[in-house]
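[1] Any chance you could fold what I've pasted below:
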Amino acid sequence: MTAVAWLSMIAATGCRDSAWTPMGSAEVVLSEIELGGPPEVSKRIDSDENFGRTVMGGIATGDSLWLRVADKLTPASAAAEATMSIALASALPHSPDKVLALVSDKYPL
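    Numbers count the residues shown, from 1 in each chain. Model prediction:
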């Protein structure tokens, strides 16, 4: 029952920055991907500049959870694809094995 309440809270806030759901949390973005689907989150990266900046900044850290976000998303536009490439290039020195595995599987070199 607690999980249902937590997921409802995430869905209600729509991954917006609030006291309960910090926008910079990879866990929250992954939950939004699970609830709304990757295409919706990918579109939001294009339409919500702050959200897109947060997601790409997180991916650029090379953190394993943010790289899971990158793996689940497919950029919705050429601009988002270019930004994703830059974020992954920035993540490369921090987590080379994980980034190279992601790039070779999903994104062309």
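
[2] List the buried residues for stretch 93-101?
    When neighbours are counted by 16 or more other CB atoms under 10 Å, the buried residues of stretch 93-101 are found to be 95, 98-99. Using the backbone N, CA and C atoms, a C-beta is placed for each residue, glycine as well.

[3] Now for the spatially most central residue of the chain: which residues touch it?
    Among the residues of the chain, Val69 comes closest to the average C-alpha position under CA atoms, centre = their mean, at 3.9 Å. The contact partners of Val69, taken as CB atoms under 8 Å, 6 or more residues apart in numbering, are 26, 29-30, 33, 55, 58-59.

[4] the longest helix in the chain is where?
    Counting residues, the longest helix in the chain under DSSP state H turns out to be helix 78-91.

[5] Show residues contacting that one.
    Counting by CB under 8 Å, 6+ apart, helix 78-91 makes contact with 42, 45-46, 52, 56-57, 59-62, 66-67, 70, 73, 75, 99, 102-103, 107, all of which sit outside it.

[6] Using PDB, write down the CA coordinates of whichever helix or strand comes after that helix.
    For helix 78-91, the following helix or strand on the C-terminal side (DSSP states H and E) is helix 96-106. Extracted as PDB, the C-alpha positions of helix 96-106 are listed here (Å, rounded to 0.1, in the frame of the first residue of the first chain):
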ATOM      1  CA  PRO A  96      34.200   5.000 -19.200                       C
ATOM      2  CA  ASP A  97      33.200   1.300 -19.100                       C
ATOM      3  CA  LYS A  98      29.500   2.100 -18.500                       C
ATOM      4  CA  VAL A  99      29.400   4.900 -21.000                       C
ATOM      5  CA  LEU A 100      31.100   2.900 -23.700                       C
ATOM      6  CA  ALA A 101      28.800   0.000 -23.200                       C
ATOM      7  CA  LEU A 102      25.800   2.300 -23.500                       C
ATOM      8  CA  VAL A 103      27.100   4.100 -26.500                       C
ATOM      9  CA  SER A 104      28.000   1.000 -28.400                       C
ATOM     10  CA  ASP A 105      24.600  -0.600 -27.700                       C
ATOM     11  CA  LYS A 106      22.300   2.400 -28.200                       C
END
